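Q: quick one, what's the 3D model for this:
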Amino acid sequence: MNKTLIDNLLTHHKDIRLVMASKYLEASQIYQYVDAGISDFGESRVDAFLQKEETLRDTPITWHFIGTLQSKKVKHIINKIDVLHSLDRLSLAKAIQKHREDPLPCLIQVNISKEENKHGVKPASVLTFIKALEAYPIIKVIGLMGIALHSDDEAVIHRQFETLKRLRDRANKTTKDCKELSMGMSEDYSIAIKEGATMLRLGRILISEGSL
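A: Next comes the predicted model:
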């Protein structure tokens, strides 16, 4: 466990929600991170999430689903998660509307890297997408999520995170609860912090001691 980094983020960045990407952990390993002060965990695979959620049901955890969610699998998990980070299409919104029992906080995934093989709404379509989501009242849009290009050029990453922040600011003018910025993973979280992230999704770097 990288206790040094965990303590630093929880102590010095209290305005940022630390979401641990727990796909690298077995359910039994999560307890030690809860004891270290982490209460938000993000899963990206439905089967793994269901197994961990059942095992840890009596543990005070806020569950985030941070991976691509297939519409056909919505019914299996949608009433067990607390936050969805990967809303990117109306067919998914329709499935959530059908199966979710109470309002679900959602972040819209935006393809800020503009890679064709990546999921997410195109930046130019974000505001239109948010407007279309008004037809699905079970969905509560709380912010935007983005994954930056894997690059050694920090300026590129800064620009992509800045794009997401500008889009969030524009969206928040018409959607008052659209305040969150879920951006920053193990390789670029320090840039995300500088660009105004309100949620970090960190995995491997929280596991390996000495990784800063």
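Q: and Leu206, helix, strand or coil?
A: Under the three-state scheme (DSSP: H, G, I helix; E, B strand; the rest coil), Leu206 adopts helix.
Q: show me what the host helix or strand of Val19 is packed against.
A: Using DSSP states H and E, Val19 falls within strand 17-21. If you count contacts as 3 or more CB pairs under 8 Å, 6 or more residues apart in numbering; DSSP states H and E, strand 17-21 packs onto helix 3-12, strand 40-43, strand 199-202. No exception for glycine: its C-beta is placed from N, CA and C like everyone else's.
Q: so it versus helix 3-12, what angle?
A: 150 degrees (axes from the mean of the first three to the mean of the last three CA atoms, to 10 degrees).
Q: got the contact list for strand 17-21?
A: Residues from elsewhere that reach strand 17-21, judged by CB atoms under 8 Å, 6 or more residues apart in numbering: 6, 9-10, 33, 38, 40-44, 64, 66, 180, 182, 185, 198-203, 206.
Q: that older thread, please tabulate the helices and strands packed on strand 17-21 in a markdown table, including the columns mean neighbour count.
A: Compiled in a markdown table, the helices and strands packed on strand 17-21 are given as follows (neighbours: other CB atoms under 10 Å):
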| stretch | mean neighbour count |
| --- | --- |
| helix 3-12 | 14 |
| strand 40-43 | 23 |
| strand 199-202 | 25 |
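Q: what does the pLDDT read for the spatially most central residue of the chain?
A: Residue closest to the mean C-alpha point of the chain, counted by CA atoms, centre = their mean, is His85 at 3.9 Å. Note on His85: pLDDT of 98.
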